[in-house]
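> After the sequence you'll find the predicted model.
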Amino acid sequence: MIKLLLNVLPPSIADRLKNGENVIADSFPDVTILFADIVGFTSLSTIISPQEIVFLLNEIFTAFDQTAGQLGLEKIKTIGDCYMVVGGLPKPKADHAEAVATMALTMLRTIEKLNADYQMSLRLRIGINTGPVVAGVIGRSKFIYDLWGDAVNTASRMESHGKPDAIQVTAETYECLKDRFQLEPRGETEIKGKGKMHTWWLLETK
């Protein structure tokens, strides 16, 4: 049972469950959330076999998992061909925004390499936001450690309103990154459910 928990939950959260906590819910005032989506994967999945679909997603997400682990980030979940990761929880991390930005840039390079290795033309669309969230465990037989809050919704919007091969970030994330990363203003953009927002493209480290 413990091994199973450690496979699906952060170790500190698994320990709390093991020690008898029935409801795990914590507030985090400052984290950075990333959503990434493989552009066009739904169309691709109609012309390749189920085995090829699973193999390909496993290659991509395993590489992303390794990067997240190296940077001290927490993978939250995959939803189809969408990948979600966060920095700054369950253990606080002072450089959470910088680590997530590094993850995003590495993800783009990972896709480039896989495209070269397998003669594909996959593209990634990434969105990032920084802010407060609530995190906790839901489920009884199938546990999931998940996040809630406006900051999460905004990060998702940054992805869905972005463009392929690009990383869109909010003003909150921009303020965390501007001294160490190169960013290009996108300007004021209409974001569903949020209205007009000033956003930036994350380009590279300085």
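All right, it came through fine.

> CA atoms for contacts and neighbours, from now on please.
OK.

> Not counting its own residues, what contacts stretch 68-83?
Applying C-alpha atoms under 8 Å, 6 or more residues apart in numbering, the contact partners of stretch 68-83 are 10, 35-38, 41, 57, 61, 65, 84-90, 96, 99-100, 103, 145-147.

> Just the ones in strands from these, please.
Phe35, Ala36, Asp37, Ile38, Met84, Val85, Val86, Gly87, Tyr145, Asp146, Leu147 (DSSP state E).

> Which two of those have the greatest separation?
Ile38 and Tyr145 (22.7 Å; C-alpha to C-alpha).

> which residues in this protein form helices?
Using DSSP state H, the helices found in the chain span residues 2-8, 11-18, 41-44, 50-71, 96-118, 150-160, 171-177.

> how about the fourth one: buried residues?
Within helix 50-71, the residues that count as buried by 16 or more other C-alpha atoms under 10 Å are Ile53, Leu57, Ile60, Phe61, Ala63, Phe64, Asp65, Thr67, Ala68, Leu71.

> ok, back up a step: switch the ones in strands among the contacts of stretch 68-83 over to a markdown table; also include neighbour count and distance to Lys77.
Shown next, in a markdown table, are the ones in strands among the contacts of stretch 68-83 (neighbours: other C-alpha atoms under 10 Å; distance: C-alpha to C-alpha, whole Å):
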| residue | neighbour count | distance to Lys77 |
| --- | --- | --- |
| Phe35 | 26 | 10 |
| Ala36 | 25 | 11 |
| Asp37 | 22 | 12 |
| Ile38 | 20 | 15 |
| Met84 | 21 | 6 |
| Val85 | 22 | 7 |
| Val86 | 26 | 10 |
| Gly87 | 29 | 14 |
| Tyr145 | 20 | 8 |
| Asp146 | 17 | 8 |
| Leu147 | 21 | 10 |
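
> which one among those gets closest to Lys113?
Nearest to Lys113 among those: Ile38, at 14.5 Å, using C-alpha to C-alpha.

> What does Gly20 show for phi and psi?
Dihedral pair for Gly20: phi 100, psi 0, per degrees, to the nearest 10.

> and the gap between it and Ile144?
According to C-alpha to C-alpha, to the nearest Å, Gly20 and Ile144 sit 17 Å apart.

> Have a look at these two and say which one is more surrounded.
Per other C-alpha atoms under 10 Å, whichever of Gly20 and Ile144 has more neighbours is Ile144, with 16 against 8.

> pretty sure the more buried one contacts Pro10?
No. Taking contacts as C-alpha atoms under 8 Å, Ile144 lies outside contact range of Pro10: 10.1 Å.

> what residues are shared contacts of these two?
Residues touching both Ile144 and Pro10 by C-alpha under 8 Å, 6+ apart: none at all.

> Identify the residues contacting Val100.
Thr32, Ile33, Leu34, Leu73, Val86, Gly87.

> Tally up the residues packed near the spatially closest residue to the fifth one that is not a sequence neighbour, please.
Counting by C-alpha to C-alpha, 6 or more residues apart in numbering, the nearest residue to Val86 once its immediate chain neighbours are dropped is Ile33, at 4.5 Å. Using other C-alpha under 10 Å, Ile33 is surrounded by 33 other residues.

> Fine by me, we can end here.
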